[in-house]
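# Sequence first, predicted model second:
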Amino acid sequence: MKKEFDRFFNARSVVIIGLSPNPGNLGRNIIANSRRWGYRGKIYGVSPTPGENDGVKIFTSLKELPQKPDLALIFTKAATVPELLLECARHGLKTIAVSSAGFEETGTPEGIALAEKMKTICREKNLLVVGPNGIATANTGNGLALSFMPLDTAPKGKVAFISQSGGIGTSMSTKMKNDAFPLGKFVSLGNKTVLDEVDFLEYFAEDPETEAICVYLEDLRRGHEFMAAAKQAGKPVIVYKANITPFGEAAASSHTAALKNDVSVMEGAFSQAGIIPARSITEMMNLGRAFKMPPMNGNRLLIISPSGGMAVIMADLAYQYGFELPALPADLKEKYTQLRRAGIIELKNPLDFGDIYSAETQRNCLRELLARDEFDALATAYIYRDPEMLKHYQTLTQLQRDLISELNETVEMIKKPIGYMLMVPFRVKEELLARSKYPIYDTPEDAIAVLAKMRDYYKRNRH
């Protein structure tokens with residue numbers, strides 16, 4: 001592992017260079033984020049004007065600090081950054097995040113020259129620098145959150161997130177909170193002037209606290225090295241590549257100085273490297289959460305739904321993704337056929353639970369089927385009935401159960417993945433997702449697509 005990278009995420013002390021006593025200084029947001037996330041390390045400020053900001057003491061130079069910090073965060077005008085990097089080097093500060101903008105992303109000779117100067121200094125002084133033009137790093141494990149933009153407190157987990165865009169990182173933190181995404185460490189690459197996605201992919205591949213890696217990219221400059229690192233990672237690497245159209249290229253060039261890559265070539269390389277491609281931000285998050293579940297060891301899918309229509313949709317999707325749908329075992333089919341209420345729905349795969357009017361019977365049937373060797377995974381769809389609404393429909397109460405606890409228990413009992421779609425009233429969704437140890441999807445398309453990509457990932461690893 002690149003041990004020196006640990007300071008980006010596990011720094012016990014941080015200095016914010018550019019934090020002034022002005023209450024409107026954006027560095028104040030960095031303090032607020034880290035406090036909200038629960039960071040207990042030391043935070044110092046450095047500015048030409050001494051004083052304090054939100055309880056953080058501000059010194060006029062690095063040499064005045066009571067200790068040498070583990071990590072420096074530079075947030076000043078672009079023109080001052082090269083000299084500040086030299087100042088960090090003189091004081092033995094080697095791990096640095098630069099959040100300042102005004103470099104190569106501007107497309108101006110001045111900005112490009114500043115970026116080249118940064119590269120030269122970092123190479124000569126052996127500095128590790130992430131950025132510029134990003135929102136630095138964060139770690140839910142210790143509460144470090146160095147963004148100058150507000151970050152929602154994402155749930156603790158073991159999925160690393162590498163983002164070329166700071167704005168994507170900021171907005172994703174809100175979605176992560178809403179969807180109970182198990183975030184571990186986060187890094188905003190910005191312009192990738194010194195360190196890039198290859199460096200952090202190699203780090204996270206060896207990080208014992210990371211189990212899966214999500215990556216948002218607008219360009220890929222060291223393609224061969226990235227593919228090699230992904231292939232050697234031994235962990236799921238999920239990549240959402242933007243900037244694949246002329247419109248995207250125009251936006252990205254002024255955003256992070258990104259260069260467009262050939263889509264067809266990249267997709268072929270991703271496949272060879274075992275990278276899991278995501279077609280959207282939502283799919284990237286769905287896939288990141290999915291690998292908390294047990295591995296998928298084959299292609300045989302069981303589909304269960306309390307409604308025939310949803311079973312049909314899932315069956316179509318299963319066909320499109322190349323799944324097999326084995327028949328139900330004869331003994332279980334006979335057993336549960338006798339427990340139907342009206343006796344009009346044939347029990348088969350896909351299985352429509354519409355004629356089994358007992359929550360306990362449905363649960364037992366599902367678990368008995370999934371435990372059989374004939375099936376490698378389950379795709380299922382349910383509706384969560386709001387208890388307030390159920391007060392008016394007494395006949396439905398016999399079908400209501402704690403679906404979240406049931407999902408948690410079933411995955412741990414059967415040790416197979418479940419593509420679990422749940423229709424949930426908005427007002428209770430956050431609470432339910434927070435209780436679930438495993439992903440829950442909004443649509444049947446999401447559930448089946450994730451299972452297909454899990455299947456393909458584990459199939460490659462078996463060969």
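All right, it came through fine.

# Quick check, Pro82 in contact with Ala115.
No. Assessed by CB atoms under 8 Å, Pro82 is found out of contact with Ala115, at 9.8 Å. (Each C-beta comes from the backbone N, C-alpha and C, glycine too.)

# and the two? which has more neighbours close in?
More crowded of Pro82 and Ala115, by other CB atoms under 10 Å: Ala115, with 24 against 18.

# helix or strand for the more buried one, which one?
helix 109-125 (DSSP states H and E).

# Each with direction, which strands does the following helix or strand past that helix pair with?
Sequence order places strand 128-130 as the next helix or strand after helix 109-125, per DSSP H and E. Sheet pairing for strand 128-130, assigned by DSSP bridges, gives strand 95-98 (parallel).

# Could you check the pLDDT of Met389?
Note on Met389: pLDDT of 62.

# same thing with Ala359?
73.

# That one and Met149: what is the separation?
Noted for Ala359: a distance of 45 Å to Met149, by CB to CB, to the nearest Å.

# Ok, Ala97 next?
Distance, Ala97 to Met149, by CB to CB: 14 Å.

# When these two are compared, which one has more neighbours?
Ala97 (27 against 17).

# What are the neighbouring residues in contact with the closest residue in space to that one that isn't next to it in sequence?
Nearest residue to Ala97, sequence neighbours excluded (CB to CB, 6 or more residues apart in numbering): Ala136, at 3.9 Å. With contacts defined as CB atoms under 8 Å, 6 or more residues apart in numbering, Ala136 is in contact with 73, 97, 99, 130, 146-147, 187-188.

# Mind putting the residues you listed into TSV with distance to Lys429?
Putting the contacts of Ala136 into TSV (distance: CB to CB, whole Å) gives the following:
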residue	distance to Lys429
Leu73	35
Ala97	34
Ser99	33
Val130	34
Leu146	30
Ser147	26
Val187	29
Ser188	28
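
# which of those residues lies closest to Tyr457?
Val187 (23.1 Å; CB to CB).

# any idea which helix or strand of this structure has the worst average confidence?
Across the helices and strands of the chain, mean confidence by mean pLDDT, DSSP states H and E is lowest for helix 246-253: a mean of 46.

# Mind checking what helix or strand follows that helix in sequence?
Past helix 246-253, the next helix or strand by DSSP H and E is helix 263-273.

# next SSE after that following helix?
strand 276-277.

# list the helices and strands that next one packs on?
With contacts taken as 3 or more CB pairs under 8 Å, 6 or more residues apart in numbering; DSSP states H and E, strand 276-277 sits against strand 237-241, helix 263-273, helix 444-462.

# Export those as a markdown table, with columns for mean neighbour count and mean pLDDT.
Formatted as a markdown table, the helices and strands packed on strand 276-277 follow (neighbours: other CB atoms under 10 Å; pLDDT from 0 to 100):
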| stretch | mean neighbour count | mean pLDDT |
| --- | --- | --- |
| strand 237-241 | 24 | 95 |
| helix 263-273 | 14 | 81 |
| helix 444-462 | 20 | 94 |
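
# In a markdown table, list those along with distance to Asn299.
Shown next, in a markdown table, are the helices and strands packed on strand 276-277 (distance: least, CB to CB, whole Å):
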| stretch | distance to Asn299 |
| --- | --- |
| strand 237-241 | 21 |
| helix 263-273 | 18 |
| helix 444-462 | 6 |
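
# Between the two ends of stretch 217-236, what distance do you get?
Using CA to CA, to the nearest Å, the end-to-end distance of stretch 217-236 comes to 16 Å.

# Just checking the distance from it to the centre of its chain.
17 Å (CA atoms, centre = their mean, to the nearest Å).

# Next: stretch 298-315.
Offset of stretch 298-315 from its chain centre (CA atoms, centre = their mean): 27 Å.

# List the buried residues in stretch 100-120.
Using 16 or more other CB atoms under 10 Å as the test for burial, stretch 100-120 gives 100-106, 111, 114-115, 118.

# May I have that stretch exported as PDB, CA atoms only?
Taking C-alpha atoms only, stretch 100-120 is exported to PDB below (Å, rounded to 0.1, in the frame of the first residue of the first chain):
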ATOM      1  CA  SER A 100      -7.900  26.500  -5.300                       C
ATOM      2  CA  ALA A 101      -9.200  27.000  -8.900                       C
ATOM      3  CA  GLY A 102      -7.600  29.000 -11.700                       C
ATOM      4  CA  PHE A 103      -5.200  26.500 -13.300                       C
ATOM      5  CA  GLU A 104      -5.300  24.500 -16.500                       C
ATOM      6  CA  GLU A 105      -9.100  24.300 -16.400                       C
ATOM      7  CA  THR A 106      -9.200  28.000 -17.400                       C
ATOM      8  CA  GLY A 107      -7.500  27.300 -20.700                       C
ATOM      9  CA  THR A 108      -5.500  30.500 -20.300                       C
ATOM     10  CA  PRO A 109      -1.700  30.700 -20.700                       C
ATOM     11  CA  GLU A 110      -1.500  31.900 -17.100                       C
ATOM     12  CA  GLY A 111      -3.500  29.100 -15.700                       C
ATOM     13  CA  ILE A 112      -1.600  26.400 -17.700                       C
ATOM     14  CA  ALA A 113       1.800  27.900 -16.600                       C
ATOM     15  CA  LEU A 114       0.700  27.800 -12.900                       C
ATOM     16  CA  ALA A 115      -0.200  24.100 -13.300                       C
ATOM     17  CA  GLU A 116       3.200  23.300 -14.900                       C
ATOM     18  CA  LYS A 117       4.900  25.200 -12.100                       C
ATOM     19  CA  MET A 118       3.000  23.000  -9.600                       C
ATOM     20  CA  LYS A 119       4.100  19.900 -11.300                       C
ATOM     21  CA  THR A 120       7.700  20.900 -11.300                       C
END
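
# Distance from that stretch to the middle of the chain?
With CA atoms, centre = their mean, you get 30 Å for stretch 100-120.

# Give me the secondary structure label for Cys214.
Here Cys214 is recorded as strand under DSSP: H, G, I helix; E, B strand; the rest coil.

# again, but for Ala381
Following three-state DSSP, we place Ala381 in the strand state.

# Compute the number of surrounding residues for it.
Close neighbours of Ala381, defined as other CB under 10 Å, add up to 23.

# Show me the beta-bridge partners of it.
Met421.

# sorry, back to before: tell me the spacing between the residue nearest to Ala97 and Leu325.
For Ala136, the distance to Leu325 - CB to CB - is 48 Å.

# for Ile31, same thing?
Ile31 is 55 Å from Leu325, by CB to CB.

# Neighbour count for those two, which is higher?
Taking other CB under 10 Å, Ile31 and Leu325 do not tie; Ile31 has more neighbours (22 against 17).

# Using the three-state scheme, assign the closest residue to Ala379 other than its chain neighbours.
Spatial nearest neighbour of Ala379, excluding adjacent residues (CB to CB, 6+ apart): Gly419 at 4.2 Å. Following three-state DSSP, the label given to Gly419 is strand.

# burial of Gly419, as a residue count?
The burial count for Gly419: 30, using other CB under 10 Å.

# which ones are touching it?
377-380, 441, 446-448, 450-451.

# In JSON lines: those, plus distance to Ile43.
Putting these into JSON lines (distance: CB to CB, whole Å) gives the following:
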{"residue": "Ala377", "distance to Ile43": "46"}
{"residue": "Leu378", "distance to Ile43": "47"}
{"residue": "Ala379", "distance to Ile43": "47"}
{"residue": "Thr380", "distance to Ile43": "47"}
{"residue": "Tyr441", "distance to Ile43": "39"}
{"residue": "Asp446", "distance to Ile43": "40"}
{"residue": "Ala447", "distance to Ile43": "43"}
{"residue": "Ile448", "distance to Ile43": "46"}
{"residue": "Val450", "distance to Ile43": "39"}
{"residue": "Leu451", "distance to Ile43": "44"}
